[in-house]
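Asker: next comes the sequence, and after it the predicted model I'd like to discuss.
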Amino acid sequence: MAKHETPLLDELEKGPWPSFVTDIKRQAEKNPACWDILGQVELSYKEKITHWKHGGIVGVFGYGGGIVGRYSDLPKRFPGVEHFHTVRLNQPASKYYSTEHLRAICDKWEKYGSGMTNMHGSTGDLVLLGCRTESLEPLFYELTHELQQDLGGSGSNLRTPANCLGQSRCEWACYDTEEACHQLTMHYQDEIHRPAFPYKFKFKFSGCPNDCVAAIARSDVAVIGTWRDNIRIDQAAVKEYVAGKIPSNGGAHASRDWGKFDIQKEVIALCPTGCMWMEGGDLKIDDAECTRCMHCLNVMPRALRPGVEQGATICVGAKAPILDGAQFATMIVPFMKVSADNEFEELIEFIEKIWDWWMEVGKNRERVGETMQRIGLPTFIKVMDLEPIPQHIKEPRSNPYVFWQEEEVEGGWDRDVEEFRARHAA
Amino acid sequence: MAYDPANPMVDRISDIGPRYYSEFHPPVVKANKGKWLWHEITQPGVLVHKSETGAECWTVRVGAARLISIELIREMCDIADKHCDGFFRFTTRNNVEFMVDSKAKVQPLLDDLKGRGNRFPVGGTGCGVTNIVHTQGWVHCHTPATDASGVVKAVMDELFDYFTSMKLPAQVRIALACCLNMCGAVHASDIAILGVHRKPPMIDHHRITGVCELPLAISACPLGAVKPAKAMVNGVEIKTVAVNAERCMFCGNCYTMCPAMPLADPDGDGIAILVGGKVSNSRTAPKFSKLVIPFLPNTPPRWPEVVAAVKGILETYAKDAHKYERVGEWAERIGWEKFFEKCNIPFTIKSIDDYRLAYDTWRTTTQFKYTSHVK
């Protein structure tokens, strides 16, 4: 039986898309505290403003992250949401679940929380929404002891890493994203749970340049699969695409009649580098000119595959606009082998070199991309002990203001103005 | 041993991380990892992946709210137990994927899903509108300028036909963030729905001493609009801050650092629309979303102005763009002046950048198109 009238929210029970309002009501039948979620949100709909207080520091002993405090600013009116803390559970790589594990999490959340969740939060965690302070420790105890399930990150620490599903169900993944994500997550448990950084830090692992986890837009270290040899071509399959026997673009355009597939128009002419052509019925690619954008592979997945010399491009420093404006990650390492065979040693070494520098020079609440902007890409390249290469930039600088070092200039910077004046009258 | 509140550190387990992913792979995934050859979307919401072993993984993708109950998760588990050997997964865009290892098992799964009301819409593949990624909004956040789940529900109800079909020129990724912090990272989306504030923060002089590190609040402002100040509270002079409202860009960063500087407001807050972002490197480089509508009011429960704006942009794009062109690629090909004209969106001075790096967006060529904007 509904505890509050919710005429505005009830409007959102209509329509074809699944309704979160209907779902919360369903949960409220089991856990009456959920009626107060609806009551408070209804009030926000009426007043057009939030009723959650600012922050509140809560957590489990020994961790500085994983729990986000949240309190209602109307606890008397909505006692069910007086405490409504977020619990971030570290999701398994790729977000596959056994029903056994998920049901066990649901049972714990029925026992200790509201029963509402986010599947999943933007960073990737399995988010449990709405826990009272006194329930946090017992919940954590049972999660770790019975479910072998730990918390994720929050605050100025390493946030829970995330990956695209990679080789588990995709033909384009150029390295094992889920293994990389899992191993680095395990390697950096301390950094995930105990904030020691200037600000948040994120890793994301995408298997190819399609970048299904938006690594280049959202992560401080984006590991994006790529290859460095030739695209593998199955010429027989190319002919089948040309003949219209295989749906182009993996069938993604199927609901509209776009006419007969035209390889010239749809593949060759859209190649950003113009490195493809037809020759005697065969598709030719000048791979040395290819920038591996994925368009042709996307359009003809049965005919074209990534090369066999596979690895990842490492980009650094993406972030959303707060504060100085949005940044995409900057290409720093064009090709790195990313392999479980050496326990991702090269990647780990790279990451820790960034942290050593950033923890020293980064300001409070400054993402590493902002530190790079403030101090400059040339300095960052030197800090990382990398050779500057034209791949680091879109174009050379158009101003001449080079920060020359004294040792680069013949004779150094020490000069005698008296001696100068002896030859040049003032 | 059960948890003992008197001795919380006894027998404690920590830093064990998540469970190992391969425990949760469906058998067909486990057996064919790294062996996939190609995929095809056989109908909206249904994908087949073919392995070099000859095995097939058939995936049925289903839309879901991001905010879901354990009752619904248990229902998903029931479906996965019945059809999918007890495994399923979630996508980064909050869709749910049920996987089976043969084509014959797809139709019974689809029939089952269809028999469960509107809870499991099948779609979200290929050249359509897939699920909207979003933030918490009024359901759980302390800084939002709008709700999240409700706006998303209203928009998806209206665009439902594009979720269950693949008739657009390319995929269209819509995202919503309920304030400028952009927890949802909407800054690289085809269409971004963004909560914005328009009133400077208030200063709660009674609270500020207890809850706020003044230097942090002052340095939080990117434009130096927050300055040290003094105020009288109950006859006592206290240290506080003042805000130069003319300099405020309404980012809310001061409130993040100082709870005594709230800025949310029923009339001040609303939604901006940004378009033309993309994440993928396909064809063109990743792009940021650009602000085309600076403000629409918060009109719960169904935000008709926002829904109409998103649908208008989507359908103009659908009609005008070339096959494969993302929204941003289309806008750049026709020119942004044409984008505003074709979408019938009034161009305002608020779309002209005057923040950092603004010059990069100013037109420094004589090349432009004559649209109705040129009088």
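Answerer: Arrived safely.
Asker: could you pull out the strands for the chain?
Answerer: Just going to use chain A. A:67-68, A:85-89, A:96-98, A:113-119, A:126-131, A:162-163, A:203-206, A:221-227, A:232-233, A:276-279, A:282-285, A:304-305, A:310-316, A:330-336 (DSSP state E).
Asker: to clarify, I was referring to chain B.
Answerer: With strands called from DSSP E, chain B shows them at B:36-43, B:46-51, B:56-62, B:67-69, B:87-90, B:96-100, B:174-177, B:191-196, B:226-233, B:236-243, B:270-275, B:290-297.
Asker: scan chain A for its longest helix.
Answerer: The longest helix of chain A (DSSP state H) is helix A:345-361.
Asker: OK, contacts around residue 17?
Answerer: Because you didn't say which chain, this covers chain A. Counting by CB atoms under 8 Å, 6 or more residues apart in numbering or on different chains, A:W17 makes contact with B:63, B:65, B:118, B:121, B:153, B:156-157, B:160, B:163. To be clear about C-beta, it is placed using only N, CA and C from the backbone, and glycine gets the same treatment.
Asker: wait, chain B
Answerer: Applying CB under 8 Å, 6+ apart, the residues near B:G17 are A:90, A:150, A:182, A:185-186, A:189.
Asker: neighbours around the residue of the stretch 1-150 of chain B found nearest chain A, how many?
Answerer: Nearest residue of the stretch 1-150 of chain B to chain A (CB to the nearest CB) works out as B:G126 at 3.0 Å. Other residues within reach of B:G126, judged by other CB atoms under 10 Å in any protein chain shown, total 24.
Asker: what's around the nearest residue to A:E266 once chain neighbours are set aside, how many residues?
Answerer: Spatially, and ignoring its direct neighbours in sequence, A:E266 is nearest to A:V299 (6.1 Å; CB to CB, 6 or more residues apart in numbering or on different chains). A count of nearby residues for A:V299, using other CB under 10 Å, gives 23.
Asker: ok, A:H83 next?
Answerer: Close neighbours of A:H83, defined as other CB under 10 Å, add up to 20.
Asker: just B:F368 next, same as before
Answerer: The tally of other residues near B:F368 (other CB under 10 Å) stands at 13.
Asker: list the contacts of it.
Answerer: B:F368 sits next to B:335, B:337 when contact means CB under 8 Å, 6+ apart.
Asker: relative to chain A, how far out is it?
Answerer: Note on B:F368: its distance to chain A, by CB to the nearest CB, to the nearest Å, is 22 Å.
Asker: so what pLDDT did that residue get?
Answerer: Looking at B:F368, its pLDDT is 85.
Asker: from A:E240, how far out is it?
Answerer: 44 Å (CB to CB, to the nearest Å).
Asker: check B:T299 too.
Answerer: As judged by CB to CB, B:T299 and A:E240 stand 51 Å apart.
Asker: ditto for B:L110
Answerer: 28 Å.
Asker: more neighbours: the two, which one.
Answerer: It is B:L110, of B:L110 and A:E240, that has more neighbours when counted by other CB under 10 Å, with 19 against 15.
Asker: so that one sits against B:G123, correct?
Answerer: No: applying CB atoms under 8 Å, one finds B:L110 not in contact with B:G123, separated by 11.5 Å.
Asker: hang on, the earlier thing: out of the contacts of A:W17, which are inside helices?
Answerer: B:153, B:156-157, B:160, B:163.
Asker: about what we covered before: do I have it right that the residue nearest to A:E266 meets A:K265?
Answerer: No: with contact defined as CB under 8 Å, A:V299 does not reach A:K265; the gap is 10.9 Å.
Asker: tell me the domain ranges of chain A?
Answerer: Following automatic domain parsing, chain A resolves into domains at A:7-146, A:162-227+A:310-392, A:232-305.
Asker: if we compare those domains, which one ends up closest to B:N234?
Answerer: Within the domains of chain A, the stretch nearest B:N234 is domain A:7-146; the backing value is 22.7 Å (CB to CB).
Asker: test my guess that A:P92 contacts B:S22.
Answerer: No: A:P92 is not in contact with B:S22 according to CB under 8 Å; the separation is 9.1 Å.
Asker: what residues does the residue lying closest to A:F203 once chain neighbours are set aside make contact with?
Answerer: Nearest residue to A:F203 in three dimensions, chain neighbours excluded: A:P161, at 4.3 Å (CB to CB, 6+ apart). By CB under 8 Å, 6+ apart, the residues touching A:P161 are A:124, A:181, A:184-185, A:202-205.
Asker: which of those residues sits closest to chain B?
Answerer: A:T185 (5.4 Å).
Asker: pull out the buried positions in stretch B:7-20.
Answerer: B:8, B:12, B:14-15, B:17-19 (16 or more other CB atoms under 10 Å in any protein chain shown).
Asker: what's the answer for stretch A:117-133, then?
Answerer: Within stretch A:117-133, the residues that count as buried by 16+ other CB under 10 Å are A:117-132.
Asker: kindly identify which of the residues you listed also come near chain B.
Answerer: Filtering the buried residues of stretch A:117-133 for proximity to chain B (criterion: CB under 8 Å from any CB of the partner chain) leaves A:117-120, A:122, A:124, A:129.
Asker: and the two most separated of these?
Answerer: Most distant of these, by CB to CB, are A:G124 and A:L129, 15.7 Å apart.
Asker: what residues does the stretch 201-350 of chain A put near chain B?
Answerer: With CB under 8 Å from any CB as the criterion, the stretch 201-350 of chain A meets chain B at residues A:209-214, A:216-218, A:246-247, A:249-256, A:258, A:266, A:270, A:272, A:292-295, A:298-299, A:301-302, A:305, A:320-326, A:328.
Asker: would you mind listing which of the residues you listed are buried?
Answerer: The buried subset of those - by 16+ other CB under 10 Å - is A:209-214, A:216-218, A:246-247, A:249-255, A:258, A:266, A:270, A:292-295, A:298-299, A:301-302, A:305, A:320-326, A:328.
Asker: need the nearest residue in space to A:P138, chain neighbours excluded.
Answerer: Leaving aside its sequence neighbours, A:P138 sits nearest to B:Y3 (CB to CB, 6+ apart; 4.4 Å).
Asker: let me redo that: B:V46
Answerer: Residue nearest to B:V46 in three dimensions, not counting chain neighbours: B:V60, with 5.6 Å by CB to CB, 6+ apart.
Asker: just give me the neighbour total for the one you found.
Answerer: Using other CB under 10 Å, B:V60 has 27 neighbouring residues.
Asker: just B:P215 next, same as before
Answerer: 11.
Asker: tell me the pLDDT of it.
Answerer: pLDDT, B:P215: 94.
Asker: for A:R415, same thing?
Answerer: We have a pLDDT of 96 for A:R415.
Asker: so who does it touch?
Answerer: For A:R415, no contacting residues are found, by CB under 8 Å, 6+ apart.
Asker: before we move on, what about B:P169?
Answerer: B:P169 is in contact with B:127, B:317-318, B:321-325, B:330, counting by CB under 8 Å, 6+ apart.
Asker: now B:M166
Answerer: When contacts are counted by CB under 8 Å, 6+ apart, B:M166 is found next to A:251-256, B:41, B:44, B:125-128.
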